[in-house]
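In: Provide a 3D model corresponding to the input given below.
(chains A and B)
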Amino acid sequence: AQKITQTQPGMFVQEKEAVTLDCTYDTSDPSYGLFWYKQPSSGEMIFLIYQGSYDQQNATEGRYSLNFQKARKSANLVISASQLGDSAMYFCAMSIRVLTGGGNKLTFGTGTQLKVEL
Amino acid sequence: DTGVSQDPRHKITKRGQNVTFRCDPISEHNRLYWYRQTLGQGPEFLTYFQNEAQLEKSRLLSDRFSAERPKGSFSTLEIQRTEQGDSAMYLCASSLVGGLAGHNEQFFGPGTRLTVL
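Out: All right, here's what the predicted structure looks like:
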């Protein structure tokens, strides 16, 4: 069975500092994808960054980077230069291909609530 | 705006009533997903469509739940004889075929928050 674990229910960071949100995963499928989504209080899920299981380099998207350590099955999100607008719930998710049709379904962790302080 | 839209955004109903939610995916996306998110949890996969075909259903989708995507565009999720345990946010997402080695980014709608009294 696929599982995502986020062990930090809440995190605080000061504005302009960097913060790391932890994520570990478990799967026996050799092909998978790892996603991070941001969910503000409004409720929508906003895609941040993606890492494929066969990707050799860590993914980066602007202030977001993904620290992918395949042997340790971890996919931590690093946010650099935190801003007040980064305050939100952050979810790590693993993508596994469905059995038919070629689509993929996401398994989410329980999330980390990030608060950025002045 | 051409993102995923969901209607209604909020629904309050009494136990035992039927409810139906609608999702309009991004127009060129042929894959559509439904998820359910309860308070303090991450979203959980419910079901998946490619065009009009429903290709996978989670065990979470009891017999009281039915989803359709009749013309391969919008989708509806119906819950019959609602129970208090059905109270949750119901999220719809869509994605393209191909790209990201089969693990395509899913674009989410704003969700429908259901409260069953």
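
In: contacts and neighbour counts: CA atoms only from here.
Out: Will do.

In: show me which residues of chain B sit near chain A.
Out: Contact residues, chain B versus chain A (CA under 8 Å from any CA of the partner chain): B:31, B:33, B:40-45, B:48, B:50, B:55-56, B:97, B:100-111.

In: looking at these, which are in strands?
Out: B:Arg31, B:Tyr33, B:Glu44, B:Phe45, B:Tyr48, B:Gln50, B:Leu55, B:Glu56, B:Phe107, B:Phe108 (DSSP state E).

In: could you report the pLDDT at the fourth one?
Out: Looking back up the chat, that one is B:Phe45. Listed pLDDT for B:Phe45 reads 94.

In: also the first one?
Out: Note for B:Arg31: predicted pLDDT of 91.

In: pretty sure it contacts B:Asn104?
Out: No: under the criterion of CA atoms under 8 Å, B:Arg31 is not in contact with B:Asn104, lying 9.9 Å apart.

In: who does the helix-or-strand element of chain B with minimal mean pLDDT pair with, and is each partner parallel or antiparallel?
Out: Each helix and strand of chain B was given a mean pLDDT (mean pLDDT, DSSP states H and E); the minimum falls on strand B:53-57 at a mean of 90. Paired neighbours of strand B:53-57 in the sheet (DSSP bridges): strand B:44-50 (antiparallel).

In: who touches the partner strand?
Out: With CA atoms under 8 Å, 6 or more residues apart in numbering or on different chains as the test, strand B:44-50 has contacts from A:101, A:103, A:105-108, B:30-37, B:54-61, B:67, B:69, B:72.

In: having no further points to raise, I will conclude here.
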